[in-house]
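Student: show me the folded form of this:
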Amino acid sequence: MGSGHYFWAILYFASLCSASLANNAKINFREKEKKVLDQILGAGKYDARIRPSGINGTDGPAVVRVNIFVRSISKIDDVTMEYSVQLTFREQWTDERLKFDDIQGRLKYLTLTEANRVWMPDLFFSNEKEGHFHNIIMPNVYIRIFPNGSVLYSIRISLTLACPMNLKLYPLDRQICSLRMASYGWTTDDLVFLWKEGDPVQVVKNLHLPRFTLEKFLTDYCNSKTNTGEYSCLKVDLLFKREFSYYLIQIYIPCCMLVIVSWVSFWLDQGAVPARVSLGVTTLLTMATQTSGINASLPPVSYTKAIDVWTGVCLTFVFGALLEFALVNYASRSGLNKANMHKENMKKKRRDLEQASLDAASDLLDTDSNATFAMKPLVRHPGDPLALEKRLQCEVHMQAPKRPNCCKTWLSKFPTRSKRIDVISRITFPLVFALFNLVYWSTYLFREEEDE
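Tutor: Below is the predicted model of the structure:
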C-alpha cells in the first residue's frame, strides 16, 4: 500500500513539472515586449520632452556617443565646392527611465521605429546644404532600448555638404572636407556629444571616388560659443587627394603637343606664308579653346592656380611662335629691300666708273705733245693724307688676329637675317620650354610634398 502511494506521488509530481514546462514553452515574448513597452512608455509614465539625467543619475549633462558608417561618396564638385555622402548615423545614450526586466536575459532589447516616442538629441549637420532620409521600402531607421536603459538610434541619410576648397595647387592639390554635427538648442550644461570609443568612423572597403582618393580621416571636437551659450560639436575631416593621371592625359599632354606643333613653323620655308600663318593661328585658337574649357570646370577664384600658370605659359609660347613668323617676314622683306638698294648702288657706281674711264680717255686724246706733267715729290710730308693712310694700313696688318667666334661663324652659314631668326628660334623655344617644365614641376611637386 505504501509503495502504491509513492508511485502516485511521483506520477503527480511529473505531471506538474511537464505542465510547468509546457507553460514556459508557450510564453509569447512579443506579448511580453508589448507589456514592457506599455509599462515604460505608457501614458503618464514617460515624458519625451524631458532630457535624461546625467551619468549615474546625476544632474549633469546627458552624454550622447556618436559613430558613423560612410557608405558612399558620390561626387566632389569643384565649382560649387560641395560633396555628397551617404552614411549610417548612430547615437547612443542612457535614459534610466527606460530600464526594464529582461526576463532572465531573454529580452535582449526592444525595437522601436517611431523616434518621437522617446527623447532624442537635437543634433544637426552645421555644414549641410541638402539632405534626405531613405524610405524605401520602409523608413531606414530604428531605435533599440536595452534593459539597462541604454538607447541606440540608427538612421541612413544622404547629405550634400559644403566643402570650402583651396585650389592654388589644382590639379596637384589635396582637399579637406569636413562633416560637422552640433546640438541646436541644448547647451553643454544639458547635452554633450562624444565620439564613440574605439572606432567612431567607419568607411566601406570598396569606396570608389571619381578623380579623388580618400587618404585618411580624422575625428575632432568643435564646440562653438554664441550669445546664447556654448554648444557641443563633433567633426570628422576627410582628406581627399586628387588623381593626377586624368589631368595629365586630358590637359598637360595635349598642351605640350600644341606647343610643339607650333614650333613646326620654324622649319617651314619663310616664303610659305599661308602655311605658317594657318599653323600659328590654328594652334593659338586651339590652345585658347583648351584654356576656356579648363576654366569652365572651375570656380572663378581671385588667386592664380597651378593650371593657370601652365595654360598661360603654353599660350604664350604658341603666341610667341606666331609673332616669330611676323618678325621673320619683316626681316625677309627688309633684307630684300636692302639687297635691291645694294644692287642699284652697285649699278650706279659701275656706271660712274665707266663714265670716268671714258672721260679720262678723251682727255688723253685731246692733250698735245707739248703738255707738261707735274712731278709728285718722292718724300711725303708728315701732314700728307696719303702718308697717314699708309701708316694706318701698316698698323692694321700688325695687330694680332682675333679668335673666331663659334656662334658668329655658325650663323654666317645662313646669309639672310630672317633665316638666322628661324634657326635661333629652333633652339631657343625648346630650351626655354624645357626650363619652364623643370621649374614648374619641381616647384609644385615640392609644395605638394610640403602640404602632406
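
Student: where does the prediction get shaky in the chain?
Tutor: Within the chain, the stretches with pLDDT under 70 are 1-29, 335-348, 351-352, 354-415, 448-452.

Student: show me the biggest strand of it in terms of residues.
Tutor: Ranked by number of residues, the top strand in the chain under DSSP state E is strand 62-77.

Student: after it, heading C-terminal, what element do we hit next?
Tutor: Toward the C-terminus, strand 62-77 is succeeded by strand 82-94 as the next helix or strand (DSSP states H and E).

Student: list of residues touching that following strand?
Tutor: Strand 82-94 has contacts (C-beta atoms under 8 Å, 6 or more residues apart in numbering) with 52, 55, 62-77, 121, 123, 129, 148-163, 177, 179, 196. The way it works is simple: take the backbone N, C-alpha and C, and place the C-beta from them, glycine included.

Student: swap the cut-off to 6 Å and go again
Tutor: Residues from elsewhere that reach strand 82-94, judged by C-beta atoms under 6 Å, 6 or more residues apart in numbering: 64-76, 121, 129, 149-163, 177.

Student: circling back: by how many degrees do the longest strand of the chain and strand 82-94 diverge?
Tutor: An angle of 170 degrees separates the directions of strand 62-77 and strand 82-94 when computed by axes from the mean of the first three to the mean of the last three C-alpha atoms, to 10 degrees.

Student: the strands in the protein, which residues?
Tutor: Remark: strands assigned in the chain by DSSP E are 62-77, 82-94, 110-112, 123-125, 128-133, 141-145, 150-162, 174-183, 191-195, 201-203, 212-221, 224-226, 229-231, 233-242.

Student: dump those to a markdown table, plus mean neighbour count and distance to residue 296.
Tutor: Converted to a markdown table, the strands of the chain look like this (neighbours: other C-beta atoms under 10 Å; distance: least, C-beta to C-beta, whole Å):
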| stretch | mean neighbour count | distance to residue 296 |
| --- | --- | --- |
| strand 62-77 | 18 | 14 |
| strand 82-94 | 20 | 18 |
| strand 110-112 | 16 | 50 |
| strand 123-125 | 17 | 30 |
| strand 128-133 | 12 | 22 |
| strand 141-145 | 18 | 41 |
| strand 150-162 | 18 | 22 |
| strand 174-183 | 20 | 20 |
| strand 191-195 | 20 | 41 |
| strand 201-203 | 16 | 32 |
| strand 212-221 | 14 | 20 |
| strand 224-226 | 10 | 37 |
| strand 229-231 | 16 | 40 |
| strand 233-242 | 19 | 18 |
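
Student: need these in JSON lines (columns: distance to residue 323).
Tutor: Shown next, in JSON lines, are the strands of the chain (distance: least, C-beta to C-beta, whole Å):
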{"stretch": "strand 62-77", "distance to residue 323": "39"}
{"stretch": "strand 82-94", "distance to residue 323": "43"}
{"stretch": "strand 110-112", "distance to residue 323": "76"}
{"stretch": "strand 123-125", "distance to residue 323": "55"}
{"stretch": "strand 128-133", "distance to residue 323": "48"}
{"stretch": "strand 141-145", "distance to residue 323": "67"}
{"stretch": "strand 150-162", "distance to residue 323": "45"}
{"stretch": "strand 174-183", "distance to residue 323": "39"}
{"stretch": "strand 191-195", "distance to residue 323": "61"}
{"stretch": "strand 201-203", "distance to residue 323": "53"}
{"stretch": "strand 212-221", "distance to residue 323": "40"}
{"stretch": "strand 224-226", "distance to residue 323": "57"}
{"stretch": "strand 229-231", "distance to residue 323": "62"}
{"stretch": "strand 233-242", "distance to residue 323": "35"}
